[in-house]
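Participant: this is a predicted model, with the sequence first.
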Amino acid sequence: MLDIPIRAKLGGFYFFYYAIVGIFMPYWNLYLQHQGFSFQQIGWLSSIAIITRFFAPLIWGWIADKTGKRMLLVRIATWVESCIWFLIFVIPNNFQSIAALMLIFSFFQNAILAQFEGVTLFWLGDEKAKYYGRVRKWGSVGFIAAVFLIGELLDIISIRWLPIILLSIAFLAFLWAFTIQEPSNAPKAQKNLQPIWQNIRRPTVLAFFSIEFILLFSFAPFYSFYSNYLHAQQYTTAQIGTLWATGVIAEIIMFAYAQRVFLQRFSWQKLVILCILLTSIRWLIVGVYSHYFVIQIMAQTLHAFSFGLFHLIAMRVIFQNFSAEQQGRGQALYSTMWGIGVAVGSILAGHYWNMVSGQHIFIYAAIAVLVALPLTYWLPRQSEADGALATKS
């Protein structure tokens, strides 16, 4: 049985990591807009901030599997992240300098979550199905706390102080990382790494990561411009923060009940189809009913499916299709597809935002995500409970 202190430590790091995300995602582009950047420049900066996911996760995954030092990489990355936020506060905020710092920030940030997910799954061991959602929900709690508190704070102080706030939380994450040791059951340094190409070629894996790319492509206008979109509709920063937090509250509820309500009853195929359809409905609502705060709240509750449930399925796909010695690169591939999808979508959304309007961009995103539906044909059609029975028999 995993002891409580370890789960608390794992949950604590998720809390700080996602508190940073909860500050960065809703408010960073508002900061850039405050600094005088155009929507096209913001689109490029948003893509640059994640463009290193084309290659960085695989580099970090290779290093993690090769050295077995996953937590060391996490500590180094959180330290560099702290330095980046400090530099953003002191250097001139022109396009070239912000682009360079976002490139460095993104490269090191990609060492954090993918490898820490592996650390968590190794620590949880055979009890990961029971405890992963409970531990991971603290990341969602951190996100919500940051969104609400910073949203209220930015109604009082200038948004130009945002980098200092990010620096403070990033440094706390760096300090907290020292409370967590390398999992004793995780693979140590490997002289010769197991190749993963055969794993990637499996129909389930190939289909799932292709679906992930399309899903995240549709997410790009949301991740890059949702706050700016709402700001243009005269929403306050507190209201914007409330909308972001609503999605994460829905995500927490999904993490708490997904195993019992969904994963044991329905196949991955049916659940992924559900995630795709509800994501399409979500973007349609965001685009058509932009002036209605209550309807935007309803759209944000669908984040439970478009991210929460899909992420839980992703962790199962990776752990079941990649060996313990391949987990660093398996998690890295998940991050890579995330980055490619959002980066490509952010560039396109930024380019066409003023040409066709934000409302139309979200409607196009609702249509784009449906392209993933045919790929669900190659996903497993048994529920986890059925799979367990089949294994026992």
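Facilitator: Happy to help now that I have it.

Participant: backbone phi and psi for residue 59, please?
Facilitator: Main-chain torsions, residue 59, degrees, to the nearest 10: phi -60, psi -50.

Participant: distance of it relative to residue 214?
Facilitator: Plainly put, residue 59 is 25 Å away from residue 214 if you go by C-beta to C-beta, to the nearest Å. The way it works is simple: take the backbone N, C-alpha and C, and place the C-beta from them, glycine included.

Participant: looking at these two, which one has more neighbours?
Facilitator: Neighbour count, other C-beta atoms under 10 Å: between residue 59 and residue 214, residue 214 has more, with 21 against 15.

Participant: how about low-confidence regions in the chain?
Facilitator: For the chain, the stretches with pLDDT under 70 are 1-4, 49-50, 110-111, 189, 191, 384-393.

Participant: go with 50
Facilitator: Where the chain drops to pLDDT under 50, the residues are 1-2, 388-393.

Participant: which residues in it form strands?
Facilitator: Here the chain has no strands by DSSP state E.

Participant: wait, residue 329 touches residue 62, no?
Facilitator: Yes - using C-beta atoms under 8 Å, residue 329 is in contact with residue 62, at 6.3 Å.

Participant: neighbour count winner among these two?
Facilitator: Using other C-beta under 10 Å, the more surrounded residue of residue 329 and residue 62 is residue 329, with 29 against 15.

Participant: give the contact list for the residue nearest to that one when sequence neighbours are not counted.
Facilitator: Take residue 329 and drop its neighbours on the chain: the residue closest to it by C-beta to C-beta, 6 or more residues apart in numbering is residue 61, 3.9 Å away. Each residue near residue 61 by C-beta atoms under 8 Å, 6 or more residues apart in numbering is listed here: 114-115, 328-333.

Participant: please repeat the previous calculation with a cut-off of 6 Å.
Facilitator: Listed by C-beta atoms under 6 Å, 6 or more residues apart in numbering, the contact partners of residue 61 are 328-329, 332.

Participant: likewise for residue 18?
Facilitator: Contacts for residue 18 (C-beta under 6 Å, 6+ apart) come out as 139, 142-143.

Participant: surely residue 128 touches residue 121?
Facilitator: Yes - if you go by C-beta atoms under 6 Å, residue 128 and residue 121 touch, sitting 5.3 Å apart.

Participant: quickly list what's touching both of these two.
Facilitator: With C-beta under 6 Å, 6+ apart, residue 128 and residue 121 have no common neighbours.

Participant: so what's residue 120 closest to, chain neighbours aside?
Facilitator: Excluding the flanking residues, the one nearest residue 120 by C-beta to C-beta, 6+ apart is residue 10, at 5.2 Å.

Participant: ok, the one you found touching residue 134?
Facilitator: No - applying C-beta under 6 Å as the test, residue 10 and residue 134 come out as separate, 10.0 Å apart.

Participant: and the two? Which one has more around it.
Facilitator: Counted by other C-beta under 10 Å, residue 10 and residue 134 do not tie: residue 10 has more neighbours, with 25 against 15.

Participant: and the gap between that one and residue 16?
Facilitator: On the measure of C-beta to C-beta, residue 10 and residue 16 end up 12 Å apart.

Participant: for the spatially closest residue to residue 119 that is not a sequence neighbour, what are its contacts?
Facilitator: Excluding the flanking residues, the one nearest residue 119 by C-beta to C-beta, 6+ apart is residue 70, at 5.1 Å. Neighbour list for residue 70: 64, 115, 118-119 [criterion: C-beta under 6 Å, 6+ apart].

Participant: buried ones among those residues?
Facilitator: The neighbour count (16 or more other C-beta atoms under 10 Å) marks 64, 115, 118-119 as buried among these.

Participant: just to revisit the earlier point, could I get the contacts of residue 18 in JSON lines, plus columns for distance to residue 248?
Facilitator: Shown next, in JSON lines, are the contacts of residue 18 (distance: C-beta to C-beta, whole Å):
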{"residue": "139", "distance to residue 248": "9"}
{"residue": "142", "distance to residue 248": "9"}
{"residue": "143", "distance to residue 248": "5"}
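
Participant: and which of those is nearest residue 263?
Facilitator: Comparing those against residue 263 with C-beta to C-beta places residue 139 closest, at 19.0 Å.
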